[in-house]
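A.B. asks: Got a predicted structure plus its sequence, pasted below:
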Amino acid sequence: MQKVLITGFEPFGGERVNPSWEVVKQLNDREFVGTRIIARQLPCVFGVALEVLNAAIDEVKPVMVLAIGQAGGRTDITIERVAINVDDARIPDNQGRQPIDEPILEAGPAAYFSTLPIKAMVNSMREAGIPASVSQTAGTYVCNHVMYGLLHWLNGQQEIKGGFIHIPYLPEQAAAHPGAPSMASQTVLFALELAISIALQVEHDLKVVGGATH
């Protein structure tokens, strides 16, 4: 059975939970469109997060990798279009590292673009009544670091798709940040289920069309 690797982060920045892992762990061992979902937690640490991610890719051998992260202050689920080759941390990571204006990869390309069907994923969420949009920036913290590193790792491997999704605070987090938007974990879970299903379906349809033209 083919597999999808989905990742979430450990808490950071003084938060007691990270909504990305709280939701992602609920998808572990689930099946969608004949595909098994494998969930892994990433440390919120520059460099180390990519080591853990790359090891998981080697272990799982997925057809798709979907990394999820927290974006406190965002009002909807945002599917990232692009990752840039910059680490510029507003706060230290969980090991105290705080790179400023450093390249993720020396001599690497300025940016990598998601290889997921981001517009179709957003549309599937909106049609289900879930606020969602395409984002043009994954920031410059560990989330962008992971997205860039992931897409660099997958570069040239057309059989494996990859990308990143940011999600808002959970309500219990927003309670500690008066005025901050939030989204219930079950809503986010449903959104990720839709995202995975539509991405797998689009990939399946492309393979069918491609096969029919040969």
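C.D. replies: Received it, and whenever you're ready, just let me know what you need.
A.B. asks: and Ala83, bridged to which residues?
C.D. replies: According to DSSP bridges, the residues that bridge with Ala83 are Tyr112.
A.B. asks: so it touches Tyr148, yeah?
C.D. replies: Yes. Counting by CB atoms under 8 Å, Ala83 does reach Tyr148; the two are 3.8 Å apart. All C-beta atoms are positioned from the backbone trio N, CA, C, and that covers glycine.
A.B. asks: and His214, what pLDDT?
C.D. replies: You'll see His214 listed with a pLDDT of 38.
A.B. asks: burial count for the residue nearest to His166 when sequence neighbours are not counted?
C.D. replies: Excluding the flanking residues, the one nearest His166 by CB to CB, 6 or more residues apart in numbering is Ala71, at 3.7 Å. Neighbour count of Ala71, defined by other CB atoms under 10 Å: 22.
A.B. asks: and Asp101, what is it in contact with?
C.D. replies: By CB atoms under 8 Å, 6 or more residues apart in numbering, the contact list for Asp101 reads Val86, Asp87, Asp88.
A.B. asks: Just the ones of the residues you listed in helices?
C.D. replies: Among the contacts of Asp101, no residue falls in helices (DSSP state H).
A.B. asks: with these in mind, which one is nearest to Ala107?
C.D. replies: Val86 (13.9 Å; CB to CB).
A.B. asks: thought the closest one was touching Ile104?
C.D. replies: Yes. Using CB under 8 Å, Val86 makes contact with Ile104 at a distance of 6.9 Å.
A.B. asks: neighbour-wise, which of the two wins?
C.D. replies: A count of neighbours by other CB under 10 Å puts Ile104 above the other of Val86 and Ile104, at 23 against 18.
A.B. asks: just for this structure, where's the confidence low?
C.D. replies: Along the chain, segments meeting pLDDT under 70 span 206-214.
A.B. asks: Please repeat the previous calculation with a cut-off of 90.
C.D. replies: 32-34, 156-159, 202-214 (pLDDT under 90).
A.B. asks: Does Asp93 touch Glu10 like I think?
C.D. replies: No. Counting by CB under 8 Å, Asp93 sits too far from Glu10 to count as a contact (10.4 Å).
A.B. asks: neighbour count winner among those two?
C.D. replies: Set Asp93 next to Glu10 and count neighbours by other CB under 10 Å: Asp93 wins out with 22 against 16.
A.B. asks: Which residue is the nearest non-sequential neighbour of the more buried one?
C.D. replies: Val45 (4.8 Å).
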